[in-house]
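Chemist: fold the following, please.
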Amino acid sequence: MDGHYYGDGDNKKRFEVYTYNCPLFVLTQFKPHFYDLLLTDIYMPNMNGFQLCEKILELDVNIRICFMTALAVNIQALREVYPNVSFGCFIEKPVSIWHLIQRVSAELD
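Modeler: Modelled structure (predicted):
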C-alpha cells in the first residue's frame, strides 16, 4: 500500500504512513528495516497488538512500537505475559490527529 503523508504542524517533519486493517496482512507486507515505528491498536481480530509486536520484533528488533488503547493497561502484568515486547509508548483513545502526531514525533526523536 502506498504511504500517506502527514505533517507535524510546523512543516519541519513529515511522516509517511502505511495503513492496514488486519494484523495478519501486516505480517505478510512487513519489510524489515524499512519502517521506523509500528503504531498498533491492542484489541484487534485474529491477534492482539502484543502478539503482532512479538512477531514484528522477530523480523526487526530495532522497530519502535506505540500501542493505542481505550482501556487502562497494567504494564507490569503485560511484561510477564509478553517478555519480548517493549512497552514504551501508549496512546489513549480517543486521540486527536494533532496529539497523535505529537506522540509519534516524540517517539521518533
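
Chemist: use CA for all of it now, contacts and neighbours both
Modeler: Will do.

Chemist: so which residues of the protein form helices?
Modeler: 23-29, 49-59, 75-81, 97-108 (DSSP state H).

Chemist: which residues does the spatially most central residue of the chain contact?
Modeler: Most central in the chain under CA atoms, centre = their mean is Leu39, positioned 1.7 Å from the mean C-alpha point. Contacts for Leu39 (CA atoms under 8 Å, 6 or more residues apart in numbering) come out as Ile65, Cys66, Phe67, Met68.

Chemist: hang on, the third one packs against Ile42?
Modeler: Which is Phe67. Yes. With contact defined as CA atoms under 8 Å, Phe67 and Ile42 form a contacting pair (6.3 Å).

Chemist: which residues do the two both contact?
Modeler: Gly49.

Chemist: returning to that earlier point: any idea which of the helices of the chain scores lowest on pLDDT?
Modeler: Lowest mean pLDDT of the helices of the chain: helix 75-81, a mean of 80.

Chemist: and Leu27, how far is that from Thr40?
Modeler: Leu27 sits 13 Å away from Thr40, going by CA to CA, to the nearest Å.

Chemist: oh, I was asking about Val17
Modeler: 12 Å.

Chemist: between these two, point out the one with more neighbours.
Modeler: When neighbours are counted by other CA atoms under 10 Å, Thr40 comes out ahead of the other of Val17 and Thr40, with 23 against 16.

Chemist: report the contact partners of the closest residue to that one other than its chain neighbours.
Modeler: Spatial nearest neighbour of Thr40, chain neighbours left out: Phe67 (5.1 Å); criterion: CA to CA, 6 or more residues apart in numbering. With contact set as CA under 8 Å, 6+ apart, Phe67 has these partners: Leu39, Thr40, Asp41, Ile42, Gly49, Cys89, Phe90, Ile91.
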